[in-house]
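In: predicted coordinates and the sequence they were generated for:
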Amino acid sequence: MAGEMTMPTLFDPIRLGAIMAPNRILMAPMTRARGTRDHLPTPIMATYYAQHASAGLIISEAIGISRQGLGWPYATGLWSREQVAGWRKVTDAVHEAGGRIIAQLWHMGRVVHPSFLDGAQPVSASVTTAPGHAHTYGGKQPYAAARSLRADEIPGIVADYAAAARNAREAGFDGVQLHASNGYLIDQFLRDSSNFRGDAYGGSIANRLLLLSEATQAVADAIGADRTGVRLSPNGETQGVRDSDPLPLFIAAAQALSTIGIAHLELREPPLDGTFGVGYLDPLAAQIRPYFDGPLLLNSDFGLARANAALAAGTGDAVTFGRPFIANPDLPKRLAEGLPLAPDNPETWFAQGAEGYIDYRP
C-alpha cells in the first residue's frame, strides 16, 4: 500500500479490509449474461468463477439488489432465497479452488427498461431519459423516461442495498462492492447532468452524495465496513451521466467513504486513447488518492507495465483487470511468467452458453 518503504508490485499481497489477497491482480466486475430469465445463477457460472480463483480478489458481475433495479437480460439478483442458494454454489466453488470473491451490488436506475418491470417506469434521481437503447429480451429498445424517486422511497432503496449485502454474506461472498459508477442509480444521484432535485438529495455536492453515503453506511452496518467496497467512475460520460466539475465531487465522495472506513475504493478511468469516445478527462485518481485512507483500486485497460507504474507512483494499491481475464483465467500466472495472452471473442461476451465463457484453456 501507499506509504510502504518499498513500492509494491502486482505480485505482492495486499490486505483489503477483512480479505487478504495474495496478489494485486484483481478481477474486475464484468456482466456476462449467463443467468436464467428468472435472474438465478447457473452451474456454468460456478465453473467460470472457480477458473479465476488465482486472482487476488474476484469482484463479481453486477448483481441486482431488487427487481426494480435490475434490467439486463440473463443477469442475476440477490433478493430471493433461490438466488442466494444459487450464488452459494458459485462461492463454494471459488473457495474450494482457493479464491476470494465479493458481490457487486447493482441498482440500474433509469437504465432499466419498463419491459423488466411489467410496464412500470424506471426510477432515477430526476425525470430524465438515458440516451440510446436498452438490451431487453425483445431486442434493443429505446430507453423510457424515468420518474423521480420520492424522498420517502429512498430509505427503501437504502434498505435494499443492506438486505442484498446480508444475502451476499449468506450466499458465501467474502464481502460486497456497491456499484456507484457507470451511469447507474447512485451515479445518477451523484452527478449534475442527471440530478436536478430540490430536496436534501440534490443541489450541492454534499446533498448529491447523500444516497451514496447512506447506502454505503447501511451496508457497512449490515456486514462490516471491512467487507464493504465501492466503485466510482470519476471522469467522462457513461450512459449519458456526467458532471460539470467532477474533481471536487469525487474528492468529497472519497472523503465520505474514507470516514465510513470501507475496505477499498475502485476508480474506473478509461485511458485517453479514443477507445471510449470524446468527453474523458485526464485521469483523476492521483488527485483523489490523498483523500482516501484505504486501498485504492485502479481500473480500465491496464497492461502489466502501466499497472506496475501506477503502483510504483503510489497512484493506486492494486489493479482490477477485466477483458484480459475473459480468455486468460490464469492471468496472474501469465503476467508473472511473461506468457502471451490469449484473445477473447466479443461475440461471446453476453452469450448464454459455455463458448467463450468456460472453454478457454491455459
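Out: Noted; the coordinates are in hand.
In: hey, let's count contacts and neighbours off CA atoms from now on
Out: Will do.
In: give me the distance between Leu57 and Gln217.
Out: Leu57 sits 22 Å away from Gln217 when distances are taken as Cα to Cα, to the nearest Å.
In: quick one: which of the two has more around it?
Out: Set Leu57 next to Gln217 and count neighbours by other Cα atoms under 10 Å: Leu57 wins out with 25 against 22.
In: other residues contacting stretch 198-206?
Out: Applying Cα atoms under 8 Å, 6 or more residues apart in numbering, the contact partners of stretch 198-206 are 151, 189-190, 192, 195-197, 207-211, 249, 252.
In: are any of those residues buried, and which?
Out: Among the contacts of stretch 198-206, the ones that count as buried by 16 or more other Cα atoms under 10 Å are 189-190, 192, 195-197, 207-211, 249, 252.
In: narrow these to those in helices?
Out: Counting by DSSP state H, those place Phe189, Leu190, Asn207, Arg208, Leu210, Leu211, Leu249, Ala252 in helices.
In: which non-adjacent residue is nearest His39?
Out: Spatially, and ignoring its direct neighbours in sequence, His39 is nearest to Thr76 (3.9 Å; Cα to Cα, 6 or more residues apart in numbering).
In: what does Gly294 give?
Out: In space, and not counting its chain neighbours, Gly294 is closest to His264: 5.7 Å by Cα to Cα, 6+ apart.
In: next one: His107
Out: Ranked by Cα to Cα, 6+ apart and with sequence neighbours excluded, the top spatial neighbour of His107 is Gly69, at 4.1 Å.
In: what are the ranges of the helices in the chain?
Out: Using DSSP H, the helices of the chain run over residues 43-51, 81-96, 154-170, 185-190, 205-208, 210-223, 246-260, 285-288, 304-312, 323-327, 331-337.
In: can you lay out the ones you listed as TSV showing distance to Pro8 and mean pLDDT?
Out: Converted to TSV, the helices of the chain look like this (distance: least, Cα to Cα, whole Å; pLDDT from 0 to 100):
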stretch	distance to Pro8	mean pLDDT
helix 43-51	26	98
helix 81-96	26	98
helix 154-170	30	98
helix 185-190	31	98
helix 205-208	34	98
helix 210-223	28	98
helix 246-260	22	97
helix 285-288	17	95
helix 304-312	7	93
helix 323-327	21	95
helix 331-337	14	96
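In: please identify the deepest-packed of those helices.
Out: Most buried of these, by mean neighbour count (mean count of other Cα atoms under 10 Å): helix 185-190, with a mean of 29.
In: which strands and helices sit next to that helix?
Out: Helix 185-190 makes packing contacts with strand 123-124, helix 205-208, helix 210-223 when contacts are defined by 3 or more Cα pairs under 8 Å, 6 or more residues apart in numbering; DSSP states H and E.
In: for Ile102, which of the ones you listed is the nearest?
Out: For these, the distance to Ile102 is smallest for helix 210-223, at 12.1 Å, taking Cα to Cα.
In: okay, angle between the closest one and helix 154-170 too, please.
Out: For helix 210-223 against helix 154-170, the angle by axes from the mean of the first three to the mean of the last three Cα atoms, to 10 degrees is 40 degrees.
In: low-confidence stretches in this protein?
Out: Low-confidence segments of the chain, defined by pLDDT under 70: 1-5, 271-281, 362.
In: find the centremost residue of it, please.
Out: Centroid-nearest residue in the chain: His179, 4.3 Å away (criterion: Cα atoms, centre = their mean).
In: which residues does that residue contact?
Out: Neighbour list for His179: Ala62, Gln104, Leu105, Trp106, His107, Ile186, Val230, Arg231, Leu232 [criterion: Cα under 8 Å, 6+ apart].
In: please apply the same query to Gly71.
Out: Residues counted as contacts of Gly71 (Cα under 8 Å, 6+ apart) are Met108, Val111, Val112, His113, Phe116, Thr136.
In: save those as TSV, and put in neighbour count and distance to Asp174 too.
Out: Converted to TSV, those look like this (neighbours: other Cα atoms under 10 Å; distance: Cα to Cα, whole Å):
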residue	neighbour count	distance to Asp174
Met108	30	23
Val111	29	28
Val112	30	28
His113	28	31
Phe116	19	29
Thr136	18	31
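In: okay, those residues in JSON lines with distance to Asp282 next?
Out: JSON lines is the format used below for those (distance: Cα to Cα, whole Å):
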{"residue": "Met108", "distance to Asp282": "26"}
{"residue": "Val111", "distance to Asp282": "27"}
{"residue": "Val112", "distance to Asp282": "30"}
{"residue": "His113", "distance to Asp282": "32"}
{"residue": "Phe116", "distance to Asp282": "37"}
{"residue": "Thr136", "distance to Asp282": "34"}
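In: re earlier: which one, of the helices of the chain, ends up nearest to Pro142?
Out: With Cα to Cα, the closest approach to Pro142 among those belongs to helix 185-190: 18.2 Å.
In: filter the contacts of His179 down to the ones in strands?
Out: Among these, the residues falling in strands (DSSP state E) are Ala62, Gln104, Leu105, Trp106, Val230, Arg231, Leu232.
In: many thanks, we can stop here.
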